[in-house]
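*Asks:* Would you be able to build a 3D model of this:
(chains A and B)
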Amino acid sequence: QVQLVQSGAEVRKPGASVKVSCKASGYTFSSHYMHWVRQAPGQGLEWMGMINPSGGSTRYAEKFQGRVTMTTDTSTSTIYMELSSLRSEDRAVYYCARDRYGSSGYYFRLWGQGTLVIISS
Amino acid sequence: QSVVTQPPSASGTPGQRVTISCSGRSSNIGNNPVNWYQQFPGTAPKLLFYNNDQRPSGVPDRFSGSKSGTSASLAISGLQSEDEADYYCSAWDDSLNAVVFGGGTTLTVL
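*Replies:* Have a look, this model is predicted:
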């Protein structure tokens, strides 16, 4: 079954970091670029960045440069998104999403179930 | 403030045709394909259209997508109650080097 399964909800204090995982199954992991998109409560979708699962090259949205790190583990077909220096505005559901086969088309046919990150002191 | 603009809300009665607009710039919609997503509360978005008007399998043909210049549209004909959801457009932006999403449109079926 082709799917993306994300790690569970997290609670972090302001200033801390969080690392969310996204495990792919049912397809060739290295054949699709992967993206992270977040959605704050009651708000729209916001693209955070992308990673090539095989080579590990990344591209981040300017807003998150310096605070986000996306990594890949080909041995477990898992990608990770770590966000540091967390603030209240980072409270959101974080989604991983799969791009089309081959070169990036910047559209996402397959999504993870989402991971809620709560920031609370 | 999104660089791609959608109306915050739209509505229609069952059976009607509704259109949702998506307005951008030359750096995004004007030069790159547009994609559309449908999202129900508490669930992940679902791809409705890619490359302006390409419909993934499983999406009813009541839905149609189009693009002209720096704007795009999503049309839903024969509106049904189950179409009530949030709809987002997106495109790659050559200036920002990022995927940009519209702010989203909440569709209400009256």
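*Asks:* In contact with A:Arg67, which residues?
*Replies:* Shown in contact with A:Arg67 (Cβ atoms under 8 Å, 6 or more residues apart in numbering or on different chains): A:83-85. Using the backbone N, CA and C atoms, a C-beta is placed for each residue, glycine as well.
*Asks:* Out of these, which comes closest to B:Ile20?
*Replies:* A:Leu83 (31.2 Å; Cβ to Cβ).
*Asks:* Mind listing the residues bridging to that closest one?
*Replies:* Counting by DSSP bridges, A:Leu83 forms beta bridges with A:Val18, A:Val68.
*Asks:* Can you get me a residue count around it?
*Replies:* Burial of A:Leu83 is recorded as 23 neighbouring residues (other Cβ atoms under 10 Å in any protein chain shown).
*Asks:* Then the one 3 residues further on?
*Replies:* Residues lying near A:Leu86 (other Cβ under 10 Å) number 20.
*Asks:* Spit out the contact partners of the residue nearest to B:Ser26 when sequence neighbours are not counted.
*Replies:* In this structure, B:Ser26 finds its nearest non-sequential neighbour in B:Thr70, 6.0 Å apart by Cβ to Cβ, 6 or more residues apart in numbering or on different chains. By Cβ under 8 Å, 6+ apart, the residues touching B:Thr70 are B:23-26, B:28-30.
*Asks:* Quick one: buried ones out of the residues you listed?
*Replies:* The neighbour-count test (16 or more other Cβ atoms under 10 Å in any protein chain shown) marks B:23-25, B:28-29 as buried among the contacts of B:Thr70.
*Asks:* ok, which residues in chain A are in contact with chain B?
*Replies:* By the rule Cβ under 8 Å from any Cβ of the partner chain, the part of chain A lying against chain B is A:35, A:37, A:44-47, A:50, A:59, A:61-62, A:95, A:100, A:105-109, A:111-114.
*Asks:* Can you turn the buried part of these into a PyMOL selection?
*Replies:* Burial among the residues of chain A next to chain B is assessed by 16+ other Cβ under 10 Å; the matching PyMOL selection reads:
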select buried, chain A and resi 35+37+44+45+46+47+50+61+95+100+105+106+107+108+109+111+112+114
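*Asks:* Which of the residues of chain A next to chain B fall in strands?
*Replies:* Residues of the residues of chain A next to chain B located in strands (DSSP state E): A:35, A:37, A:45-47, A:50, A:59, A:95, A:100, A:111.
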